[in-house]
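Q: turn this into a model:
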Amino acid sequence: MSDYTGCSLQGETMLRTIHFDHPAWTPVFVGFLPACWMKYGDELDDVLLAHPRLFPNHHRPARREPPVLDGLLAAGRVKDCWGCVWENLHPGIIGQVVEHPLADWGAWDSWTPPDPLRDNLLGPRDWDRTAREIREKKVRGDFSMDFILPHGFHFLLMCDLRGFENVMIDMIEPPPEFDRLIDVMLRFDSAVADKFIELGTEFMGLAEDLGHQTGLPISLELWRKYVKPAYEVTAGKARDRGIPVFLHSDGHILPIIPELIETGVTVINPQLRPNGLQGLKDAVEGRMTICLDLDRQLYPFAKPGELAELVRQAHDTLGMPEGGLIFNLEISEDIPLANMHELFGAIETVCNLPDPETTGHASVGA
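A: Sure, this is the predicted structure:
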């Protein structure tokens with residue numbers, strides 16, 4: 001790809017990275033959980049202001065308001081559109097499902113699935129707002145993911161609806177209701193994907209944790225039978241229209257990376273620790289971009305110098321002048337401020353992030 005007419009500097013850098021067309025720097029996404037801001041407040045502002053190349057548009061607020069926590073981030077219980085009950089004991093970090101509406105198949109006849117064109121996870125869909133956000137990004141020339149479905153939209157949703165152990169049994173001895181449930185979920189996924197494509201999404205985002213720490217929770221054969229179809233009706237629709245697809249997935253996912261590439265995933269967001277740098281390099285082989293989730297399990301406990309070395313090693317192993325590498329940093333409350341400083345400083349240097357004054361304070365990521 002060589003025509004970046006209408007792109008912002010951020011958009012051009014992202015597209016060059018994805019298309020292996022020699023970006024000026026390695027893009028970086030940084031996300032702070034609300035719990036992190038709740039713990040550190042002004043001290044976290046100090047960290048961001050000390051790293052202007054990574055946070056070129058950050059300003060200290062005149063008055064700090066506490067984060068507004070609602071939905072899955074608020075303490076307490078809430079029921080989603082599928083009937084799953086979530087409980088959160090730690091405000092600022094998402095909780096987990098504690099009540100599974102289809103734990104007993106006897107509930108099938110009285111269970112009502114959501115409407116894909118009316119129901120979002122915790123409320124009604126606002127398609128006008130979605131269309132406006134997509135249009136505004138195009139006007140700005142930015143390039144970032146439109147997450148079309150909630151995190152855990154298929155495999156994890158099965159587990160939320162039925163319970164993990166029940167799903168494991170269902171896949172080995174599937175009752176009629178399990179096949180019907182899969183069909184309901186696939187029709188839901190497909191309808192939402194169609195709508196986002198109709199509205200003009202330029203970068204489809206998906207998110208679902210498909211691996212455990214050292215392997216897949218199910219065999220590759222079962223994954224192909226029960227999980228891959230969800231990616232064929234979402235990523236596959238984007239692939240057929242030339243729309244890049246981003247997938248976040250925690251855990252060990254090396255065995256299914258070729259399958260994901262086949263369905264249309266363009267950018268994979270895997271964790272470093274469960275997959276290994278060399279494992280990821282061998283699995284991808286330049287066929288897709290890696291948006292690397294560095295090592296959140298190391299961040300809180302790293303000794304001085306370890307995080308800087310981690311960044312250098314990751315970039316040396318996976319980075320190429322042509323592109324194909326993005327860094328993703330998720331920052332929680334368990335990370336000491338000194339470790340944040342080291343991590344962010346290494347990222348600024350190794351990723352060749354620009355001086356914000358020379359780029360008009362362009363975003364360095366999505």
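Q: give me the number of residues near residue 5?
A: A count of nearby residues for residue 5, using other CB atoms under 10 Å, gives 6. Every residue, glycine included, has its C-beta placed from N, CA and C.
Q: element containing it?
A: Per DSSP states H and E, residue 5 falls between elements, in no helix or strand.
Q: quick one: contacts for the nearest residue to residue 152 once chain neighbours are set aside?
A: Across the structure, with CB to CB, 6 or more residues apart in numbering as the measure, the residue nearest residue 152 apart from its sequence neighbours is residue 208 (5.4 Å). The neighbourhood of residue 208, defined by CB atoms under 8 Å, 6 or more residues apart in numbering, consists of 151-156, 247-249.
Q: please, where are all the strands along the chain?
A: Shown for the chain, the strands assigned by DSSP state E span residues 28-32, 76-79, 85-88, 96-99, 119-120, 123-124, 146-147, 204-207, 245-249, 267-270, 289-293, 325-331.
Q: which helices and strands does the third one pack with?
A: This means strand 85-88. Other elements packing on strand 85-88 under the criterion 3 or more CB pairs under 8 Å, 6 or more residues apart in numbering; DSSP states H and E are strand 76-79, strand 96-99.
Q: buried ones in the last one?
A: Residues residue 97 are the ones in strand 96-99 that count as buried (16 or more other CB atoms under 10 Å).
Q: restricting to C-alpha, output that strand in PDB.
A: Written as PDB, here are the backbone C-alpha positions of strand 96-99 (Å, rounded to 0.1, in the frame of the first residue of the first chain):
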ATOM      1  CA  GLN A  96     -16.500 -12.200  36.500                       C
ATOM      2  CA  VAL A  97     -19.700 -14.200  35.800                       C
ATOM      3  CA  VAL A  98     -21.100 -15.900  38.900                       C
ATOM      4  CA  GLU A  99     -24.500 -17.000  37.600                       C
END
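Q: so how far is residue 7 from the residue minimising distance to the centre of the chain?
A: Computing the C-alpha centroid of the chain and ranking residues by CA atoms, centre = their mean puts residue 248 first, at 3.7 Å. In this structure, residue 248 lies at 24 Å from residue 7, with CB to CB, to the nearest Å as the measure.
Q: biggest helix in the chain, by residue count?
A: helix 176-198 (DSSP state H).
Q: what sits up against it?
A: Under the contact criterion CB under 8 Å, 6+ apart, helix 176-198 has outside partners 102, 105, 108, 113-114, 116-117, 127, 130, 146, 148-149, 153-154, 157-158, 161-162, 170-171, 204, 226, 229-230, 233-234, 237-238, 241, 243.
Q: do that again at 6 Å, thanks
A: 105, 108, 113, 116, 148-149, 170, 229-230, 233-234, 237 (CB atoms under 6 Å, 6 or more residues apart in numbering).
Q: so which of these is surrounded by the most neighbours?
A: The most crowded member of the contacts of helix 176-198 is residue 234, carrying 29 neighbours; neighbours defined as other CB under 10 Å.
Q: which residues touch that one?
A: Applying CB under 6 Å, 6+ apart, one finds that residue 234 lies in contact with 189, 193.
Q: can you pull the pLDDT of it?
A: Listed pLDDT for residue 234 reads 98.
Q: one more: residue 285?
A: pLDDT, residue 285: 89.
Q: same question, residue 248
A: We have a pLDDT of 98 for residue 248.
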